[in-house]
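Visitor: turn this into a model:
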Amino acid sequence: MKVGQARETARRWVVEEVSRIPGCSGAYTAGSTNWLPDDYEMRGTSDLDVVVAVTDRSLAGRRRKFVHDGVLFDVSLVGADVLRSPDLVLGDSQVGPSFQTSQILLDPSGHLTSLLDPVRRDFCKRRWVQARCDGAGERVLRHLKSIDRQASFPDQVLACLFAAGVATHVLLLAGLRNPTVRTRYGAVRELLGEYGRIGLHETLLALLGAKHIRPEQAERHLDVLSEIFDAAKRSADPGSPLAADISESTRPAAIDGSREMIKCGLHREAMFWIAVTHSRCQKALTASTAEAIPRGCADRYRELNHDLGIGCAEELRRRREEIERALPHVRAQAEALMKANEKIQGT
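Guide: I've put the predicted structure just below:
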């Protein structure tokens with residue numbers, strides 16, 4: 001299916017279904033497909049992100065993935081307050097990049113449409129690029145601070161993985177690139193290569209723990225994940241937030257998408273989503289009945305974390321310190337990228 005066809009499918013679905021949500025104030029496309037032309041052929045590992053703005057803050061943060069008319073949708077609800085003004089959108093490291101490339105799917109009041117021109121006009125201004133980079137840097141620190149020794153080990157690992165992973169977004173935002181989720185390490189590798197800073201990519205991989213991962217290791221961990229993913233999706237509570245990422249519809253992205261990356265020589269970069277997905281599966285299985293847990297599941301998870309250098313609480317503590325120490329350097333490199341980017345305009 002072409003991207004343009006998927007967008008039209010999204011538009012029909014939004015009009016039919018989303019408009020019924022109480023307090024819905026609009027909807028727009030987001031994510032990686034925003035950066036693709038209408039005639040681009042969507043891969044089976046791709047989804048189409050839709051953001052729904054709601055006035056009821058209790059609904060914000062809800063998310064689900066499902067297939068509708070042959071399109072895998074990833075639908076997120078956000079509070080309409082984050083879209084109140086162009087300045088709020090421009091300064092938001094998560095909302096801004098997607099909104100400025102979005103297509104409006106539903107806009108009963110016309111407010112979302114009124115934001116598009118000023119956001120697109122000022123998106124490349126230096127002060128807003130800096131604000132978005134700063135916001136991503138603060139998210140790195142929040143992830144680090146959220147590592148709680150009282151939490152489950154998978155939760156601690158996830159916080160560490162995302163702290164390392166959001167460091168790539170600091171750079172992608174500085175380069176005016178899509179701060180993608182699953183393929184962020186491949187995207188930042190391409191960016192840094194273009195600017196002659198590929199050495200920084202090795203630093204980012206080291207913070208992830210994947211710098212020395214070999215292709216056969218990545219393949220082995222993915223094969224293990226494939227089995228555990230299937231067990232987790234059978235036992236995951238449909239009402240759990242984890243269900244959005246562990247289901248039959250999301251398997252192509254989680255498993256097949258990672259395998260594609262490995263085959264393309266991005267085996268180290270693929271480890272981010274392999275580790276994130278494995279950690280989520282561990283959480284889902286732990287919350288289910290003991291009979292649902294595959295034999296040796298815990299041992300395999302320990303092997304994964306051992307290979308990433310975060311196999312115990314002490315190693316997690318050290319990695320947290322390494323990420324925190326590296327953040328000023330990442331921010332300085334983002335500053336250098338901004339200075340070298342001719343598209344970034346004055347203030």
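Visitor: can you give me the buried ones in stretch 43-62?
Guide: 45, 46, 47, 48, 49, 50, 51, 52, 53, 54, 59, 60 (16 or more other C-beta atoms under 10 Å). Where C-beta positions appear, they are placed from N, C-alpha and C, glycine not excepted.
Visitor: ok, the closest residue in space to residue 32 that isn't next to it in sequence - contacts?
Guide: Nearest non-adjacent residue to residue 32, counting by C-beta to C-beta, 6 or more residues apart in numbering: residue 180, 5.2 Å away. By C-beta atoms under 8 Å, 6 or more residues apart in numbering, residue 180 lies in contact with 31, 32, 172, 187.
Visitor: which of these has the most neighbours?
Guide: Using other C-beta atoms under 10 Å as the neighbour criterion, residue 172 leads the contacts of residue 180 with 26 neighbours.
Visitor: give me the sheet partners of the lengthiest strand in the chain and which way each runs.
Guide: Longest strand in the chain by number of residues (criterion: DSSP state E): strand 71-79. Here strand 71-79 is paired, per DSSP bridges, with strand 48-54 (parallel), strand 63-68 (antiparallel).
Visitor: average pLDDT for the longest one, rounded please.
Guide: Within the predicted structure, the mean pLDDT of strand 48-54 is 95.
Visitor: just the last one next, same as before
Guide: Along strand 63-68, the predicted confidence averages to a pLDDT of 90.
Visitor: buried residues in that strand?
Guide: Buried, per 16+ other C-beta under 10 Å, within strand 63-68: 65, 68.
Visitor: how about the residue nearest to residue 88 when sequence neighbours are not counted, what does it touch?
Guide: Nearest in space to residue 88, with sequence neighbours left out and distances taken as C-beta to C-beta, 6+ apart, is residue 82 at 6.1 Å. Residues counted as contacts of residue 82 (C-beta under 8 Å, 6+ apart) are 88, 89, 92, 95.
Visitor: how about 7 Å then?
Guide: Listed by C-beta atoms under 7 Å, 6 or more residues apart in numbering, the contact partners of residue 82 are 88, 92, 95.
Visitor: got a winner among the residues you listed for most neighbours?
Guide: residue 95 (21 neighbours).
Visitor: quick check, that one in contact with residue 87.
Guide: No: if you go by C-beta atoms under 7 Å, residue 95 and residue 87 don't touch, sitting 11.7 Å apart.
Visitor: quick one: buried residues of stretch 307-314?
Guide: Under the neighbour-count rule (16+ other C-beta under 10 Å), stretch 307-314 has 307, 308, 309, 310, 311 buried.
Visitor: just the C-alpha atoms of the longest strand of the chain, please, in PDB.
Guide: Extracted as PDB, the C-alpha positions of strand 71-79 are listed here (Å, rounded to 0.1, in the frame of the first residue of the first chain):
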ATOM      1  CA  VAL A  71      -3.100  -0.400   7.700                       C
ATOM      2  CA  LEU A  72      -1.300  -0.800  11.100                       C
ATOM      3  CA  PHE A  73      -2.300   2.200  13.200                       C
ATOM      4  CA  ASP A  74      -0.500   3.500  16.300                       C
ATOM      5  CA  VAL A  75      -3.000   5.900  17.900                       C
ATOM      6  CA  SER A  76      -2.000   8.200  20.800                       C
ATOM      7  CA  LEU A  77      -4.200  10.500  22.800                       C
ATOM      8  CA  VAL A  78      -2.600  13.800  23.900                       C
ATOM      9  CA  GLY A  79      -4.000  16.700  26.000                       C
END
